[in-house]
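> Following is a predicted model, sequence given first.
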Amino acid sequence: MKWRSLEEAKSGLGHATLAAALDERRELMQKYVPAEIQAENRRSVEELNASGLAGRILAKGAAAPNFEGTDHDGKTVSSASLLARGPLVIVFFRGRWCPFCVAQLEAWNDILPQVRAAGADVVAISPQTVHQSFLMRDQHKLAFPLLSDSGNSVARQFGLAYRVPGYQQKIYSRTFVNLPFINGDQSWELPLPATYVVAKDGTIAYAAADPDYTRRPEPFDVLGTAL
């Protein structure tokens, strides 16, 4: 598959890059989030880095697991049905409460017509409930499916699931990020933010995960690297 049309379209799109959107959110975080909370968030990133979790994710060249999830409209969607149409971009994100996740999904939404014209598609997966996914899709006008990964079962198959540490649970609770309510369980688990491209034959062509939730790969770079 040729992605030259995507590269040519890049200069014609009137949207800022994902990197610029993430930079803007980091600046706002530095300005408005109390220093002690920023320090605890950095601590959680450092601990995830030290755990080596990102180095153990399902990697490029491996066979992607088959999975099913419930989309924003309550319909069951399978990876097999998505791959039957062509290569698939899978974005694992934390939830609609995360501004960096929102920026990433909006960036993929911006280039979705070009992605689909090239024969591929996009799906985003998070542990949030179907209702939360419905609200997110409606609010941000996302045109691809948002799958609810109950209990992070799909994320676990890709090696991405982890438990939010106790000190960060307290921060989230104070800032109205009530994960037990948002995700519909008491696990306090999230996926590492990750981006995959799965070829039509089910082989992983691109895999990237970063414990630093403020960093995400540029969509055009992912496509240019993977296909």
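Happy to help now that I have it.
> Phi first, then psi, for residue 147.
Backbone torsions for residue 147, taken as degrees, to the nearest 10, come to phi -100, psi 140.
> Ok, residue 204 next?
Torsion angles, degrees, to the nearest 10, at residue 204: phi -80, psi 120.
> Next, the contact list for it, please.
Residue 204 sits next to 58-64, 196-198 when contact means C-beta atoms under 8 Å, 6 or more residues apart in numbering. For every residue, glycine as well, the C-beta is placed using N, CA and C.
> Report the two of these separated the most.
63 and 197 (13.8 Å; C-beta to C-beta).
> Settle it for me: which of those two has more neighbours?
Neighbours per residue (other C-beta atoms under 10 Å) separate residue 63 from residue 197, with residue 197 holding more: 23 against 11.
> I'd say the more buried one and residue 86 touch.
No: if you go by C-beta atoms under 8 Å, residue 197 and residue 86 don't touch, sitting 11.0 Å apart.
> Pull the residues that contact the longest helix belonging to the chain.
Longest helix in the chain, counting residues (DSSP state H): helix 35-51. Residues from elsewhere that reach helix 35-51, judged by C-beta under 8 Å, 6+ apart: 29-30, 33, 54, 162, 164-165, 167-168, 171, 175, 192, 211-213.
> for stretch 164-182, same thing?
37, 40-41, 43-44, 47, 95-97, 128-129, 132, 186, 188-190.
> Any stretches of this structure with poor pLDDT?
1-16, 226-227 (pLDDT under 70).
> Swap in 80 and give it another go.
1-16, 225-227 (pLDDT under 80).
> quick one, strands of it?
68-70, 76-78, 88-92, 121-126, 146-148, 161-163, 189-191, 194-198, 204-209 (DSSP state E).
> The nearest residue to residue 203 once chain neighbours are set aside and residue 191, how far apart?
Using C-beta to C-beta, 6 or more residues apart in numbering and skipping the chain neighbours, the partner closest in space to residue 203 is residue 63 (6.3 Å). Distance from residue 63 to residue 191, counting by C-beta to C-beta, to the nearest Å: 19 Å.
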